[in-house]
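Student: Any chance you can model this:
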Amino acid sequence: MDRKQQNTILFVLGALSAIAPFSVDMYLPGFPAIARDLKTDVAQVGLTLTSYFIGLSMGQLMFGPVLDRYGRKKPLMVGLFVYILAAVGCTFSPSINYLIGLRLFLAMGCCVGMVGSSSVIRDLFSGREVARALSVLMTIFGVAPIIAPTIGGLIVSTLGWRFIFGVLAVMGAFVLVAIKQVLPETKGADPSISLRPKSVMIGYSKVFGERRFVIYALAGAAGSGGLFSYITGSPFVYIDLFGFTATQYGWIFGVNALATVVGNQVNRMLLRKYDSALILPAVTALQTAIGLLLLTGSFTGMLPKMAFVGLVVLFLFCFGFINPNSAALALQPFSRNVGSASAIMGSTMMISGAVASGLVSYLHNGTAVPMTLMMAVCPGAGFILMTLGPLFMRTRHRDVQHG
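Tutor: Numbering: from 1, shown residues only. Have a look, this model is predicted:
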């Protein structure tokens, strides 16, 4: 495969994985309009976000074994077809309950792209190239939070909120055609893999049996927890606490998303000389230190707000390193159960993000402390896992040999 074909495939996979964040960020500006049109309140509209994240977690676990059993291409196309149908259904939702249910199916359709894209990359690349390819995906993935809210706001103000889901359906159709025309089948069907519930659970248990996977998957999930903590707490901290306008907050949000994209690109360059196993702990330690500075500043009130904003930018710059490197290291031991491993990894990240964001909301006390506490704890937990986990593995290995 030549470089041009590789880049084309990576672009298609990036577009595939970007559907999930677009499906969240594009319709957020339409919450008030959805509430008015469906005669409900914004809190009820928020349940469409809850059902979406539930669908992402459930769907990834469902599609993982399917991708291993039937190959990559057909399940990706089926998932996108479900996504398109659900998006069209959302466009014509007559009530908030219909929208909540359809958002669940929307997530279960698009989540196949989150699992499938990393599985295809693991099929095509090895070693450092896996992390470099995942960095390309994260770059495209990271563009969504920058442009999606603006696009969604324009659609709501000019055409109405229902057209957002029409646009998402069209996007899904374009990616479906691209998958059919451009993406090769990177793994043939494996009839030996059973989709019976007992067999699926056995397959997942084999994935969990790889301690290297557990360590780096949990480290990546911890990093996602820090990101979700920021997303949950930042509207209150920046708008209510610091006094930024909604427009200014939008610009800050975009700069932070851009910082993650830049981190992805710097990571790609570093991977030419260094392994993911060296980069990931170093960057996680730096991110933990930044989180502790933010937490200290929140407690003491001595950190100027622009310094606070700058430190958050650096925090999210570090996140651009964490996701691709942790994913590459977690998937490294696998050749046969890549889909199942990717599904567990993605689902774990969503669960971690949900727990972290829930704790930020639960601990809310009118200060920035809940957000910054979780932004310090999450990467700190990841660093401890990476530091003590390999030591634990070596100890167990020596015990087995001694026995």
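
Student: confidence score at the residue lying closest to Lys305 once chain neighbours are set aside?
Tutor: Excluding the flanking residues, the one nearest Lys305 by Cβ to Cβ, 6 or more residues apart in numbering is Phe242, at 4.6 Å. From N, CA and C alone the C-beta is placed, and that goes for glycine too. At Phe242, the pLDDT value in this model is 90.

Student: Next, count neighbours for Phe242.
Tutor: Phe242 has 17 neighbours, counted by other Cβ atoms under 10 Å.

Student: How about Met350?
Tutor: Here the count is done by other Cβ under 10 Å, and Met350 has 23 residues near it.

Student: thought Ile351 was touching Ile54?
Tutor: No. Using Cβ atoms under 8 Å, Ile351 makes no contact with Ile54, being 10.4 Å away.

Student: number of nearby residues for the residue lying closest to Tyr83 once chain neighbours are set aside?
Tutor: Excluding the flanking residues, the one nearest Tyr83 by Cβ to Cβ, 6+ apart is Gly109, at 3.1 Å. Neighbours of Gly109 under the rule other Cβ under 10 Å: 26.

Student: contacting residues for Gly109?
Tutor: Gly59, Gly79, Leu80, Phe81, Val82, Tyr83, Ile84, Leu85, Ala86, Gly172 (Cβ atoms under 8 Å, 6 or more residues apart in numbering).

Student: Buried subset of these as a PyMOL selection?
Tutor: What follows is the PyMOL syntax selecting those of the contacts of Gly109 that are buried according to 16 or more other Cβ atoms under 10 Å:
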select buried, resi 59+79+80+82+83+84+85+86+172
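
Student: Tabulate the contacts of Gly109 (JSON lines), appending pLDDT, distance to Val24 and secondary structure.
Tutor: What follows is those, written out as JSON lines (pLDDT from 0 to 100; distance: Cβ to Cβ, whole Å; DSSP: H, G, I helix; E, B strand; the rest coil):
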{"residue": "Gly59", "pLDDT": "85", "distance to Val24": "14", "secondary structure": "helix"}
{"residue": "Gly79", "pLDDT": "93", "distance to Val24": "17", "secondary structure": "helix"}
{"residue": "Leu80", "pLDDT": "94", "distance to Val24": "17", "secondary structure": "helix"}
{"residue": "Phe81", "pLDDT": "95", "distance to Val24": "21", "secondary structure": "helix"}
{"residue": "Val82", "pLDDT": "95", "distance to Val24": "17", "secondary structure": "helix"}
{"residue": "Tyr83", "pLDDT": "96", "distance to Val24": "13", "secondary structure": "helix"}
{"residue": "Ile84", "pLDDT": "97", "distance to Val24": "17", "secondary structure": "helix"}
{"residue": "Leu85", "pLDDT": "97", "distance to Val24": "19", "secondary structure": "helix"}
{"residue": "Ala86", "pLDDT": "96", "distance to Val24": "14", "secondary structure": "helix"}
{"residue": "Gly172", "pLDDT": "95", "distance to Val24": "14", "secondary structure": "helix"}
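
Student: What is the nearest of the contacts of Gly109 to Gly226?
Tutor: Nearest to Gly226 out of the contacts of Gly109 is Gly59 (Cβ to Cβ; 23.8 Å).

Student: Please, which helix or strand holds the residue nearest to Ile239 when sequence neighbours are not counted?
Tutor: Using Cβ to Cβ, 6+ apart and skipping the chain neighbours, the partner closest in space to Ile239 is Tyr249 (5.4 Å). Using DSSP states H and E, the element containing Tyr249 is helix 246-270.

Student: same question, Leu195
Tutor: Per DSSP H and E, Leu195 falls between elements, in no helix or strand.

Student: I'd like the numbering to begin with 695 instead of 1 from here.
Tutor: From this message on, residue numbering opens at 695, which makes the last subject Leu889.

Student: For it, grab phi and psi.
Tutor: phi -100, psi 10 (degrees, to the nearest 10).
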